[in-house]
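Engineer: Predicted model and sequence follow; I will ask about them next.
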Amino acid sequence: MKEKISIILFVIVLGSISSGLLVGINSWTKPKVIKNKELKLKSSILDVFGIKYEKDTIESVFSQNIETFEKNGTVFYRTKTNEIAFKYSGSGLWGPISGVIALNPDLDTIKGIKILHQEETPGLGGRIAEQEFLSQFKNKKITPKLVIVVKEKAKQENEVDGITGATMTCKSFEELLNKDIKEHLECLKK
Amino acid sequence: MNTHPLLIFIAAIFPHNIALTYILGMCPLIAISKNLKTAFGMGISVIFVVTLTAVINWFVYNLILLPTNSQIISYVIFIITIAASVQLVEMLLERFFPPLQVAFGIFLPLITVNCIVLAVSLFMVLREYDFIKTVCFASGSAIGWAITIVTVSAIKEKLLLIADIPKGLKGPAITMIILGILSLAFMGFGGMVKIR
Amino acid sequence: MFKKIKKLTYTRPFRIIINGLWKDNPIFCMVLGICSSLAITNRVENAIAMGLGVTFVTVATSVIISAMRNFIPSRVRMITYMVVISTFVICVDQFLKAFFPTISEAMGPYVGLIITNCIVMGRAEGFAMKNPVVYSFLDALSCGIGYTYTLLIISIIREILAFGTILRYRVMPQTWTNWVALAMAPGAFVLLALYLWIMRTLAKVEPEK
């Protein structure tokens, strides 16, 4: 009996110490984590617009060059030369994919694209986040729709090359991009 | 596009095999792959425990941790759930199915420290799966892992009979080479998942 | 007699360190903690973060367990390790998220998987439970460092061959064709097998029967 009580006491003390420590850590790091997310979004937006920045000047470069506005409940980012960027998101083969895409002022070709978050298999679908794949999107037409070609080389001006071994990821990425671009453009033109 | 649960199930077994592309669950793969029979037993136990714990953890996460906004302690909770359910399974087997307990009993405590049990729970949270997808993903991953350990141990049994392996390469190192070749082979499954 | 005892206490810490770094190196002798050592070593920065994370968790867990070793009821031993380990792992995870967000993203769930890294459990159960704090500290530290340098070696080879860079600085000529297979699982397996072969031959590890 005595042994049982001491075991229970031990577990309770252990549990409370560990959760106390964790609550402390959480309250210390939370603001930093939120700040990091914001900085990552801002630096990605600068990246897709092709604006140069240093690590410690993200905030100031962002506020000088980019205007954030909301239309019909959706957030857009605009540069002085009237290029538009917005966030896209959807589900890939495995998990959510989200990122930022920028369009040229004609709203018909892509200025740049970046992935913020993805859960695809490293080395296969995970390669969609690599610069090599994403830089192909530059100056591609988004009408009638963007196509990621898997079987052959991309020829048309709305086609990009897919990744070998990651057909499903490419297909879902293509689908979520087209859907989000269409929705955002409709929102913008309303 | 919303991925079909069946697709997740098949993808988790073959092209995105948890052992061969995510490199998880290596310790038992190396330690218990000497004998085909024990490897098979381990594989079956893992399929059962992984599916069970993923389901429990899904409920714990979505019904308790998310509403109370305490995702930060999810690691602690997950690992305790896993340890507790393994213990429970062991006790139930002992009480009701003694022959099964004799066959699988030795594997159960080892499963607690098998990374794929925790990994499946963590992936499920990161990928925001709903219940059906969680079941498909967990059972698929576990079956994939079981296939891997059975294949490796079968190859190893044959290899040890005939091959003259250099001294330093014996044991874990040759297992890694087998795994490397298997992993290359499984990359060939990359194109097979096309069901919509 | 006195001299003998002095000599013994003098050499024990030294022996513990040598064991962790070489004779009982967690990776190539005991073959523990393989999952993480393969999955995240395609970039040197990830390997450094992982190595330091594991070292920190091992040291902290060993010290705590060793300090409490007389109070821990043996029936709840395992669960105690689990709680202590996962508490420290969450600390590491939060720390990386707050200060090194890119590394945290690259490692994803593998940070959480430090919990099931057998090295941490192995040191707690095999050493810290039976030995005083100072020795446990030394043992955990040397094991952690032994683990870290192995990760570093593997990741340096992989990053050079697979991306042509070290810590993202280009070291190979621009014409270098990236060996993409080495960044993926098959390359990792074969490379670790070669590493085990070389190190086990050098350290004269006897293969188990």
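Structural biologist: Done, it's in.
Engineer: Wondering if the one helix or strand A:Ala85 maps to reaches chain B at all.
Structural biologist: Assigned by DSSP states H and E, A:Ala85 belongs to strand A:84-91. Yes: residues of strand A:84-91 contacting chain B under C-beta under 8 Å from any C-beta of the partner chain: A:Gly90, A:Ser91. (Glycine included, C-beta is placed from N, CA and C.)
Engineer: Make sure A:Ile97 is indeed in a strand.
Structural biologist: Yes: applying DSSP: H, G, I helix; E, B strand; the rest coil, one finds A:Ile97 inside a strand.
Engineer: Contacts only, for the residue nearest to it when sequence neighbours are not counted.
Structural biologist: With C-beta to C-beta, 6 or more residues apart in numbering or on different chains as the criterion, A:Ile97 has its nearest non-adjacent residue at 4.7 Å, and that residue is A:Gln118. By C-beta atoms under 8 Å, 6 or more residues apart in numbering or on different chains, the contact set of A:Gln118 is A:Gly92, A:Gly95, A:Pro96, A:Ile97, A:Ser98, A:Gly125, A:Gly126, A:Ile128, A:Ala129.
Engineer: Quick check: phi and psi on A:Gln118?
Structural biologist: With angles defined as degrees, to the nearest 10, A:Gln118 sits at phi -150, psi 160.
Engineer: any idea how far C:Thr175 is from it?
Structural biologist: 30 Å (C-beta to C-beta, to the nearest Å).
Engineer: What segments of the chain are strands?
Structural biologist: With no chain named, the answer covers chain A. Taking DSSP state E, the strands of chain A run over residues A:67-71, A:74-78, A:84-91, A:96-103, A:110-117, A:147-149, A:159-161.
Engineer: Oops, wrong one, chain C.
Structural biologist: Ranges of strands within chain C are C:165-166, C:169-170, based on DSSP E.
Engineer: Rounded mean pLDDT for the last one, please.
Structural biologist: Looking back up the chat, that one is strand C:169-170. Averaged across strand C:169-170, pLDDT comes to 82.
Engineer: before we move on, what about stretch A:50-67?
Structural biologist: In this model, stretch A:50-67 has a mean pLDDT of 83.
Engineer: One more: stretch C:83-93?
Structural biologist: 89.
Engineer: chain center to it, what's the gap?
Structural biologist: Put simply, stretch C:83-93 sits 15 Å off its chain's centre (C-alpha atoms, centre = their mean, to the nearest Å).
Engineer: Please list the outside residues in contact with that stretch.
Structural biologist: The contact list for stretch C:83-93 (C-beta under 8 Å, 6+ apart) reads A:14-15, A:18, A:21-22, A:25, B:72-73, B:75-76, B:79-80, C:53, C:56-57, C:60-61, C:64-65, C:104, C:111-112, C:114-115, C:120-121, C:124.
Engineer: Then stretch C:68-82?
Structural biologist: With C-beta under 8 Å, 6+ apart as the test, stretch C:68-82 has contacts from A:3, A:6-7, A:10-11, A:14, B:76, B:79-80, B:83, B:112, C:61, C:65, C:115, C:121, C:124-125, C:128-130.
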